[in-house]
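*Asks:* I'd like to go over a predicted model; first the sequence, then the structure.
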Amino acid sequence: MGFEELNVELYAYLPQKEIKNLISMLISEMEALGFLASPRAEGYAFLPAGLPVATHIRAAVYEGAVTVWVRGGSEIAESSALLKMSPQEYFENLMRGLRKAREIFMKFESKGIVRAYIPGGDPDEGGDN
């Protein structure tokens, strides 16, 4: 399965203070997984090893909301080649990042509206909440 056909839904509507906490946790945990948080106008690009590849995880931060998705999913073959890994290996790395993001989002479920869904997974492993 490629990201172009993977319907990831990670978003939260929270008080501003909680958004700041969520983003702080997200940056810390994603960087621990090897995804460098690179600031963007709308939020952050989480780049594998800091390399600017087309396929990567994005987080947009709005007043009162945060959303996470995979950018450039149809370009995973080109991105993985630049990273010197197979598309399947890079897909698995991205899924680890998405599962971690889901785990963080779920910590804020009692503080607002949270939707944290990654298809094809057990709720404890990254599926629907």
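*Replies:* That came through, no problem.

*Asks:* which elements pack onto the lengthiest helix in the chain?
*Replies:* If you go by DSSP state H, the chain has its longest helix at helix 87-106. Packing partners of helix 87-106 (3 or more Cβ pairs under 8 Å, 6 or more residues apart in numbering; DSSP states H and E): strand 9-13, helix 16-32, strand 43-48, strand 56-62, strand 65-71, helix 76-82, strand 113-117. All C-beta spots, glycine's among them, are computed from the backbone N, C-alpha and C.

*Asks:* now render these as CSV, adding distance to residue 105.
*Replies:* What follows is the helices and strands packed on helix 87-106, written out as CSV (distance: least, Cβ to Cβ, whole Å):
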stretch, distance to residue 105
strand 9-13, 6
helix 16-32, 7
strand 43-48, 14
strand 56-62, 11
strand 65-71, 8
helix 76-82, 23
strand 113-117, 4
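
*Asks:* got these as TSV, with distance to residue 90 and mean pLDDT columns?
*Replies:* Rendered in TSV, the data for these read as follows (distance: least, Cβ to Cβ, whole Å; pLDDT from 0 to 100):
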stretch	distance to residue 90	mean pLDDT
strand 9-13	19	96
helix 16-32	15	97
strand 43-48	7	98
strand 56-62	10	96
strand 65-71	11	95
helix 76-82	4	95
strand 113-117	22	95
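
*Asks:* how about the secondary structure of the residue in the chain sticking out farthest from the centre?
*Replies:* Distance from the C-alpha centroid of the chain, by Cα atoms, centre = their mean, peaks at residue 84 (21.2 Å). Here residue 84 is recorded as coil under DSSP: H, G, I helix; E, B strand; the rest coil.

*Asks:* and stretch 54-66, how far out from the chain middle?
*Replies:* Chain-centre distance of stretch 54-66: 8 Å, with Cα atoms, centre = their mean, to the nearest Å.
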